[in-house]
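In: Could you look at this predicted model? Sequence included:
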Amino acid sequence: MRTLYVAMLCIVSGTALAQAPAVPPADPLIGNVSLGYLATSGNTESKNSNASMEATWDLDGPWKHDWTALMISARTAGVTTAESYSAGYKAQRDFSETSYLFFSADWRQDRFSGYDRQVSETVGYGRRLLDTERHMLALEGGA
């Protein structure tokens, strides 16, 4: 009888150990950051730097949020030749597998563009025409 209990215990614990581990949920916040710097010297000295950031917050619900930021700077012979900053935000609300509404806001400031700063806001409708693991094609329109 004792052998029967030991055998049953081994069978029950063996099936529990044979189960696949639970898959952890995907991280809702993903993104990347890039930094760059280049300095050259010779007949003239130049220094270039850039930085960018992208982040997406997706909770597997109807809402998705995207943030972007970019900075570019260049100096040649001690004189600034480029200086640009930009930031953006986009909120997206899915209504089905293919249809969504979105709002986006972008800010740009370029010292050499002729405009002090530029701000744009857009509200619109989007439709995913192709959405596979490798490719995504969406058509968006807004005002």
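Out: Perfect, thanks for sending it. Numbers count the residues shown, from 1 in each chain.
In: Which residues does the closest residue to T76 other than its chain neighbours form beta bridges with?
Out: Of all residues beyond its chain neighbours, the one nearest T76 is S46 (4.6 Å), with distances taken as CB to CB, 6 or more residues apart in numbering. (C-beta placed from N, C-alpha, C; glycine too.) Per DSSP bridges, the residues bridged to S46 are T40, T76.
In: what sits against S46?
Out: S46 makes contact with L38, A39, T40, A74, R75, T76, A77 under the criterion CB atoms under 8 Å, 6 or more residues apart in numbering.
In: count of neighbours near the fifth one?
Out: Just to be clear, that refers to R75. Under the neighbour criterion other CB atoms under 10 Å, R75 is assigned a count of 16.
In: Next: the third one.
Out: Other residues lying near T40 total 11 when counted by other CB under 10 Å.
In: thinking again about what came up before, PyMOL command to pick out the buried ones of the contacts of S46?
Out: To isolate the buried subset of the contacts of S46 in PyMOL, counting by 16 or more other CB atoms under 10 Å, use the following:
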select buried, resi 74+75
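In: would you say A105 is within a helix?
Out: No. A105: not assigned to a helix; according to DSSP: H, G, I helix; E, B strand; the rest coil it is strand.
In: wait, doesn't it sit right on G88?
Out: Yes. A105 lies in contact with G88 (CB atoms under 8 Å); the separation is 6.9 Å.
In: These two - which one has more neighbours?
Out: Taking neighbours as other CB under 10 Å, A105 and G88 compare with G88 leading, 16 against 13.
In: Output the contacting helices and strands for whatever helix or strand that one lives in.
Out: For G88, the host element (DSSP states H and E) is strand 79-94. Contacts defined by 3 or more CB pairs under 8 Å, 6 or more residues apart in numbering; DSSP states H and E place strand 79-94 against strand 63-76, strand 99-110.
In: export those to a markdown table and tack on distance to Y125 and mean pLDDT?
Out: A markdown table is the format used below for the helices and strands packed on strand 79-94 (distance: least, CB to CB, whole Å; pLDDT from 0 to 100):
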| stretch | distance to Y125 | mean pLDDT |
| --- | --- | --- |
| strand 63-76 | 15 | 97 |
| strand 99-110 | 6 | 98 |
